[in-house]
Structure formats: structure tokens, C-alpha cells
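pasting a predicted model and its sequence here:
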Amino acid sequence: MPHFLIEYRQLGSDADRELHRPAHIQHRKAVGNRLPVAGSLLNESGENAGSVILYEAEDDAAATAFARADPMVVHGVFELVSVRPFRVAAIKPV
């Protein structure tokens, strides 16, 4: 299955982010190891500015649907910036 790099921009406050964080984490955990990497994007001051994930999906439509269904997007905390095909060339073992 192909991978997709999904980027979000934070629109809401950190308080909004914390309010919807449990549902957001559940949404991501529900797909298991199809989501090997996820994390916060930070601005120059080290504050939350968005999020990026690497997601394995059947195709672009499935990756986009998953990205749009994130509770952070649904509640206006995040804006979906892009869903792009991504080829994994190397990965550091954990």
C-alpha cells in the first residue's frame, strides 16, 4: 500500500487542541500501524503550529478521507493543508 504525507495547520488555540486531543488520538490509534509516524509541527518559538503524519492508505481518496475525518479538522482546530504521496526510502529502527 502507498504512503501519504498529511500536513495540517493549527487554526484553533492550544486550549481547543487539548479539548479535542482524546478524540484525535483515538482516530489515529484506530488505524494501527498504518500510521507509523505522527507529530506536532512547531513554529519558530517552539509552539504548536500544526501536525504532520505518515499514513498508509489504499489510494489518495482514502488518505484524504482519513485526513478530513480527524476530529481536529471536524472541529476547526486544524486545517488540512495537503495530502501527498510519499515514498519511504529509509527508516531508522526503533
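Structure's in. What do you need?

strands along the protein, start to end?
3-10, 37-42, 48-56, 78-86 (DSSP state E).

how about CSV for those strands, with distance to Lys29 and mean pLDDT added?
All C-beta atoms are positioned from the backbone trio N, CA, C, and that covers glycine. Formatted as CSV, those follow (distance: least, Cβ to Cβ, whole Å; pLDDT from 0 to 100):
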stretch, distance to Lys29, mean pLDDT
strand 3-10, 16, 97
strand 37-42, 10, 94
strand 48-56, 12, 96
strand 78-86, 17, 98
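
show me the contact partners of the longest helix along the chain.
In terms of residue count, the longest helix belonging to the chain (DSSP state H) is helix 14-29. Helix 14-29 is contacted by residues 10, 35, 38, 47-48, 53, 69-72, 75-77 when judged by Cβ atoms under 8 Å, 6 or more residues apart in numbering.

verify the contact between Phe4 and Ala63 for me.
Yes - Phe4 is within contact range of Ala63, at 3.9 Å (criterion: Cβ atoms under 8 Å).

thank you kindly, that will do.
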